[in-house]
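Predicted structure and sequence below. I'll ask about it afterward.
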Amino acid sequence: MKIDEYKRRGSSIRRKPNESMRAIVTITVGVVFGFYIGVSFPAFAPSKLKLVPSIDTFLGDSYSGQSTQTILNVISVTRDNVSTEAQKLDDPSEIFVSTNPRGAERLPPAIIASESDFYPRRLYGRPSEDLVLKPKYLVTFTVGYNQKENIDQTVKKFSDNFTILLFHYDGRTTEWDEFEWSKRAIHISVPKQTKWWYAKRFLHPDIIAPYEYIFIWDEDLGVENFDAEEYIKLVRKHKLEISQPGLDPSSKGLTWQMTMRREDLEVHKEAEEKPGWCNDRHQPPCAAFVEIMAPVFSREAWRCVWHLIQNDLVHGWGLDFALRKCIEPAYERIGVVDAQWIVHQGIPSLGNQGNEENGKTPSVRDRCKNEWKMFQDRVANAEKDYYKSVGVGSMDHEANWVTPDRIQ
């Protein structure tokens, strides 16, 4: 019995040195590893980099003017948003937030105001008390003073829920003050420019962010049978992201069956066209199609469409065939509102703008046709390049392009 006990004690004594050695080795490795980790990352004092002010700062001041979006920006920012570039700065208290808008990385997120509007404001008092009414929709017209009577009748079809914005291509603005509504409207004047030139430069999605729907209309539309508020109700009911009022059959220059008004419907989303024009019945001009004379966009759709508009192609020809690229499924979300219809009067306004060269005056219409072809080629090439970059074969997405020579 004593012999067995002695053997057990001896075995225990032999194990203790082995366990001690293992502990020493583990500690040594840990210290070395920790040292290398420490020297690999410079000292960083998060307390010096105050990216997220207390939310109480904004909630506690009812007159701070901070929007809900600003508060959400503050909440969403974490230490993970800080670019590694900030850690490379000599002063670790320098702000650098990579998720901020481009160019604003050095601003604290709570101060960033990335959106605007067309709401006029007072020059006195509290900013939070400036706006008694915030219009929910925006309607724009590109106008010349000669069409003042027609525009006056059209504007009266839009309620106080609409901000009225006039783009003046003839340079005449103050004359419009004979109309009471004009004194509340926004006026922008650049001579001899088209509405798509204006739209690209003054209707950036972040500028018109508060507006739920945007009407971008011509000046020569008859609106006797149109009511803007009723139109919005039908757009919501049928879940249209891009739309237009139906065109009365008496309209001038009526080209497409898709945009012609149907008397027995509230809304239609497809049509029968000429043979050979629609290889795919879900694509323009048989579906997913509205014209560019009186389009209406939801806020979400316009954010995409604005980027689709080419900066140098000012007439917008061909754009109507590509609008579907911003909506999915386009044949369900793009449509024509028949119950609220208009008449296209077809009054020429910017048709004679060219200067004579070599005995010939350049034609505005010729440029329109050329822009259509240029836009079509750009869209096709951009898609081809994209699919090539992701390793996808040729895609025939433009089977229904209708060129200008086919509709003359």
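Here it is on my side, so go on. Numbers count the residues shown, from 1 in each chain.

could you give me the average pLDDT of the helix or strand where residue 342 lies?
Using DSSP states H and E, residue 342 sits within strand 334-344. Strand 334-344 shows a mean pLDDT of 98.

Strands along the stretch 101-250 of the chain, start to end?
For the stretch 101-250 of the chain, the strands defined by DSSP state E, counting those that start in this stretch cover 137-143, 162-168, 186-189, 213-217, 221-222, 242-247.

now the third one: how far from the chain's centre is it?
In this case it means strand 186-189. The chain centroid and the centroid of strand 186-189 are separated by 22 Å, computed with Cα atoms, centre = their mean, to the nearest Å.

Adjacent strands (with direction) for that strand?
Here strand 186-189 is paired, per DSSP bridges, with strand 162-168 (parallel).

Same check on the first one?
For strand 137-143, the paired strands and their directions (DSSP bridges) read strand 162-168 (parallel), strand 213-217 (parallel).

what about residue 332, distance to residue 282?
The gap separating residue 332 from residue 282 is 9 Å, by Cβ to Cβ, to the nearest Å. C-betas here are computed from N, CA, C, even on glycine.

With residue 195 instead?
From residue 195 across to residue 282, the span is 28 Å (Cβ to Cβ).

do residue 346 as well
Relative to residue 282, residue 346 is positioned 30 Å away (Cβ to Cβ).

Repeat that for residue 322.
The gap separating residue 322 from residue 282 is 15 Å, by Cβ to Cβ.

who's in contact with residue 309?
Going by Cβ atoms under 8 Å, 6 or more residues apart in numbering, residue 309 touches 196, 199-200, 316, 319.

a markdown table please, covering these and showing pLDDT and neighbour count.
Formatted as a markdown table, those follow (pLDDT from 0 to 100; neighbours: other Cβ atoms under 10 Å):
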| residue | pLDDT | neighbour count |
| --- | --- | --- |
| 196 | 98 | 22 |
| 199 | 98 | 22 |
| 200 | 98 | 19 |
| 316 | 96 | 24 |
| 319 | 97 | 21 |
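
of all those, which comes closest to residue 252?
residue 316 (18.4 Å; Cβ to Cβ).

which other residues reach stretch 176-196?
Against stretch 176-196 from outside (Cβ under 8 Å, 6+ apart): 118, 120, 140, 142, 145, 148, 152, 155-156, 163-173, 197-198, 202, 216, 218, 292, 309, 313-316, 319, 350, 353.

Now the buried members of these.
Buried members of the contacts of stretch 176-196, counted by 16 or more other Cβ atoms under 10 Å: 118, 140, 142, 148, 155, 163-170, 172-173, 197-198, 202, 216, 218, 292, 309, 313-316, 319, 350.

where are the low-confidence patches of this structure?
Scanning the chain for pLDDT under 70 picks out 1-90, 351-361, 394-408.

where do the helices sit along it?
Under the criterion DSSP state H, helices of the chain are mapped to 2-40, 56-59, 68-76, 84-88, 148-155, 195-202, 228-237, 299-308, 319-322, 330-333, 364-389.
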